[in-house]
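Student: Here is my input; please provide its structure:
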Amino acid sequence: MHQMKNYMEEIVISTMDDILKDIKMCNCERCRHDIAAKALNDLPPQYIVTRKGEIYSKINNLRTQFEVDVISAITKAAIIVKRNPNHDQESINK
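Tutor: Next up is the predicted model:
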């Protein structure tokens, strides 16, 4: 079975932990999703078509091409989310 995937999503998600451990900020699921979404909006999508199971090997091979851009996008997104967390707004709106 073939699958289409924006492998930039996998790269951002797998790289985020290493970057966020150095930034003192909320690590809740909402903040993590906001950081990933913001970073992905600032990065070009990189779609691949692959058989399920092959995707991770392709991601690892192509990761280094985009590493600097991904680190930069995640860091910028984390700073924005740290300054304006949405999880506080959710608890107020409930």
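Student: quick one, phi psi at residue 25?
Tutor: phi -160, psi 170 (degrees, to the nearest 10).
Student: And it, how close does it get to residue 35?
Tutor: Noted for residue 25: a distance of 9 Å to residue 35, by Cβ to Cβ, to the nearest Å. The way it works is simple: take the backbone N, C-alpha and C, and place the C-beta from them, glycine included.
Student: same deal with residue 6?
Tutor: For residue 6, the distance to residue 35 equals 17 Å [Cβ to Cβ].
Student: need the helices for this protein, in chain order.
Tutor: Along the chain, counting by DSSP state H, helices occupy 7-20, 29-42, 55-83, 87-93.
Student: now the last one: mean pLDDT?
Tutor: What that stands for is helix 87-93. Helix 87-93 shows a mean pLDDT of 54.
Student: which neighbours do residue 25 and residue 35 share?
Tutor: Both residue 25 and residue 35 are contacted by 78, 81, under the criterion Cβ atoms under 8 Å, 6 or more residues apart in numbering.
Student: Comparing the two, which residue is more hemmed in?
Tutor: Higher neighbour count among residue 25 and residue 35: residue 35, with 27 against 14, using other Cβ atoms under 10 Å.
Student: Please write out the alpha-carbon positions of stretch 73-80 in CSV.
Tutor: Only the C-alpha atoms of stretch 73-80 are listed here, as CSV (Å, rounded to 0.1, in the frame of the first residue of the first chain):
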residue,chain,number,x,y,z
ALA,A,73,11.5,27.3,12.6
ILE,A,74,10.9,25.3,15.8
THR,A,75,12.9,27.8,17.9
LYS,A,76,11.0,30.8,16.5
ALA,A,77,7.7,29.0,17.0
ALA,A,78,8.6,28.1,20.6
ILE,A,79,9.4,31.7,21.5
ILE,A,80,6.1,32.9,20.0
